[in-house]
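K.L.:
Sequence and computational prediction follow.
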Amino acid sequence: MPVFFICFIVFLLWLRVKLKQQDKNETSNKDFWQREHEADFSRNKDISMLEYISVPKEVLPFNEQTNDIELIQIQKDISDVMSKKMINLSGMTNTDIKFAYGRGNFEILSFYDQNYLKFLSLLNKWGTYLLNHGDKNRAKQIFEYAINTLNCDISGCYIGLAKIYLKNDDIDKVQKLIDKIQYSDAYLKESITNKLNQMLQNY
């Protein structure tokens, strides 16, 4: 069989695959924009009974006696966010939110979701600060609350808590952290899992 003919057949097969991929992408884009258009006309739902996140102040280890200016500011920031409405909408796209709760509720729910994410970020900052300054008991309480109660998927919370567990020789608890993150929907779960496994290997 002539080499030219073989190359021509290969080219046709390659072109066929590319055209199929293009059709698939065009169909996906068309479906996306159609769904987005429909979501923009979704009727508003009652959002008063959603599972908003409420955090009692007593469950977190606030230190009212400290003279540490940076710690005082972190605790103030935490208190400020805790006073606002929070909701966890992770796993939902903007289109999903509009479909589920209506276009008119999108901005306020996005704001509540941002409060939740900011709260998790501040808990990580708080716990890390305490751990770096030798207050591992308070840091442990913060990290455990963030992970076990709020399903936080921030890497720093997992790494910080694992450090505390290893200092206390609680190897089994580090393994439970690995199991928890592995079966989660966290975006960085593979990276976090690898870091925790490395910590165990270096223990």
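P.N.:
Everything's here; your move.
K.L.:
tell me the domain ranges of the chain?
P.N.:
According to automatic domain parsing, the chain comprises the domains 1-39, 45-201.
K.L.:
now the helices: where do they sit in this protein?
P.N.:
Here the chain has its helices, by DSSP state H, at 3-39, 69-82, 94-101, 106-132, 136-144, 155-167, 171-182, 189-201.
K.L.:
so which of those helices gets nearest Val59?
P.N.:
Proximity to Val59 (Cβ to Cβ) singles out helix 136-144 among these, at 8.4 Å. Heads up, the C-betas are built off the backbone N, CA and C, glycines and all.
K.L.:
sorry, back to before: for the helices of the chain, give me a markdown table that also has mean pLDDT and distance to Lys45.
P.N.:
Output for these, formatted as a markdown table (pLDDT from 0 to 100; distance: least, Cβ to Cβ, whole Å):
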| stretch | mean pLDDT | distance to Lys45 |
| --- | --- | --- |
| helix 3-39 | 52 | 13 |
| helix 69-82 | 97 | 25 |
| helix 94-101 | 86 | 5 |
| helix 106-132 | 95 | 10 |
| helix 136-144 | 97 | 34 |
| helix 155-167 | 96 | 32 |
| helix 171-182 | 93 | 32 |
| helix 189-201 | 92 | 31 |
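K.L.:
burial of the nearest residue to Asp68 once chain neighbours are set aside, as a residue count?
P.N.:
Once flanking residues are discounted, Asp68 sits nearest to His133: 7.9 Å by Cβ to Cβ, 6 or more residues apart in numbering. Neighbour count of His133, defined by other Cβ atoms under 10 Å: 13.
K.L.:
for Gln141, same thing?
P.N.:
With other Cβ under 10 Å as criterion, Gln141 counts 16.
K.L.:
How about Asp96?
P.N.:
If we define neighbours as other Cβ under 10 Å, then Asp96 has 13 of them.
K.L.:
For it, give its distance to Leu200.
P.N.:
Separation of Asp96 from Leu200 (Cβ to Cβ, to the nearest Å): 37 Å.
K.L.:
And stretch 185-195, what's buried?
P.N.:
Ala186, Lys189, Ile192, Thr193, Lys195 (16 or more other Cβ atoms under 10 Å).
K.L.:
ditto for stretch 129-139
P.N.:
Using 16+ other Cβ under 10 Å as the test for burial, stretch 129-139 gives Tyr129, Leu130, Leu131, Asp135, Lys136, Arg138, Ala139.
K.L.:
Please apply the same query to stretch 138-154.
P.N.:
By 16+ other Cβ under 10 Å, the buried positions in stretch 138-154 come out as 138-147, 150, 152-154.
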